[in-house]
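J.: Need coordinates for the below:
(chains A and B)
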Amino acid sequence: AQRVTQPEKLLSVFKGAPVELKCNYSYSGSPELFWYVQYSRQRLQLLLRHISRESIKGFTADLNKGETSFHLKKPFAQEEDSAMYYCALKVMGNTPLVFGKGTRLSVIA
Amino acid sequence: KAGVTQTPRYLIKTRGQQVTLSCSPISGHRSVSWYQQTPGQGLQFLFEYFSETQRNKGNFPGRFSGRQFSNSRSEMNVSTLELGDSALYLCASGRDSGPGEKLFFGSGTQLSVL
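T.: Here you go, the predicted model:
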């Protein structure tokens, strides 16, 4: 079965420092990878998806099939980035979106 | 467009009771997925419905069931509640399982089992 691993439950960084939230997956084919974010008292929402190769709120993520990773990066963290981040995986066909256990990012002023 | 609506927002039940949660997807969305969210386990997939048919099912006991109506609204039912069923239950809707499709989540139903 497909699995998503986010090794850090909590990541604390200072404002202005670089951020990297790790995500590894187990799947031998070509997956679709996503990052979802949940800010305090808000709904879970899509941050970005690898298929779009986009940068949202300064965040980027590159799919590395060799390392089966999809790490989320931002060069300079902002206090408003503090939230719960979930990496998610979807494989081809009518399959469900599988989430990792999440990483709580805390940006310290 | 109205977002995904889940009712009720909060529920308190006792062990052994049953509960029904409701989800109204975004208009035009035919896919509805349910997830159980807990602090320790994150989001765990329960089931997905598409055009009134269960398309996928997660690894939960048979006490957890669901259905989808012709207007795409969905309900999930949990029978014989256990303390461990206490969680936030999230519903998400989507247009269809196309590449890169995003899910839109509701605010959830917070279930507490005493």
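
J.: ok, residue B:54 - contacts?
T.: B:47, B:48, B:66, B:68 (CB atoms under 8 Å, 6 or more residues apart in numbering or on different chains). Heads up, the C-betas are built off the backbone N, CA and C, glycines and all.

J.: repeat for residue B:65
T.: Residue B:65 neighbours (CB under 8 Å, 6+ apart): B:76, B:77, B:78, B:79.

J.: now, among those, which is nearest to chain A?
T.: residue B:76 (14.4 Å; CB to the nearest CB).

J.: List the beta-bridge partners for residue B:66.
T.: For residue B:66, the beta-bridge partners are residue B:76 (DSSP bridges).

J.: Using JSON lines, please lay out the contacts of residue B:54 together with pLDDT, distance to residue A:85 and neighbour count.
T.: As requested, those are exported to JSON lines (pLDDT from 0 to 100; distance: CB to CB, whole Å; neighbours: other CB atoms under 10 Å in any protein chain shown):
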{"residue": "B:47", "pLDDT": "93", "distance to residue A:85": "25", "neighbour count": "22"}
{"residue": "B:48", "pLDDT": "94", "distance to residue A:85": "23", "neighbour count": "27"}
{"residue": "B:66", "pLDDT": "97", "distance to residue A:85": "27", "neighbour count": "22"}
{"residue": "B:68", "pLDDT": "97", "distance to residue A:85": "30", "neighbour count": "24"}
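
J.: I'd like those residues written out as a markdown table, with secondary structure added.
T.: Shown next, in a markdown table, are the contacts of residue B:54 (DSSP: H, G, I helix; E, B strand; the rest coil):
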| residue | secondary structure |
| --- | --- |
| B:47 | strand |
| B:48 | strand |
| B:66 | strand |
| B:68 | strand |
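
J.: Closest to residue B:14 out of those residues?
T.: Ranked by distance to residue B:14 (CB to CB), the contacts of residue B:54 are led by residue B:66 at 22.1 Å.

J.: correct me, but that closest one touches residue B:79?
T.: No - checked against CB atoms under 8 Å, the pair residue B:66 and residue B:79 is beyond contact range at 12.0 Å.

J.: Can you show me the strands along the chain?
T.: No chain was given, so I picked chain A. Secondary structure of chain A, counting by DSSP state E: strands at A:3-5, A:10-14, A:19-21, A:24-26, A:32-38, A:45-49, A:60-61, A:72-74, A:83-90, A:98-99, A:103-108.

J.: not what I meant, chain B
T.: B:5-7, B:10-13, B:19-24, B:31-38, B:42-50, B:53-57, B:64-68, B:74-78, B:87-94, B:104-105, B:109-113.

J.: export those strands to CSV and tack on distance to residue A:66?
T.: CSV is the format used below for the strands of chain B (distance: least, CB to CB, whole Å):
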stretch, distance to residue A:66
strand B:5-7, 40
strand B:10-13, 46
strand B:19-24, 39
strand B:31-38, 30
strand B:42-50, 26
strand B:53-57, 29
strand B:64-68, 38
strand B:74-78, 39
strand B:87-94, 30
strand B:104-105, 32
strand B:109-113, 41
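
J.: Could you say which one of these comes nearest to residue A:94?
T.: That would be strand B:53-57 among the strands of chain B, by CB to CB, at 5.4 Å.

J.: for the strands of chain B, which one sits closest to residue A:18?
T.: Residue A:18 sits nearest to strand B:42-50 of all the strands of chain B, at 24.5 Å, using CB to CB.

J.: what's that closest one packed up against?
T.: strand A:98-99, strand B:31-38, strand B:53-57, strand B:64-68, strand B:74-78 (3 or more CB pairs under 8 Å, 6 or more residues apart in numbering or on different chains; DSSP states H and E).
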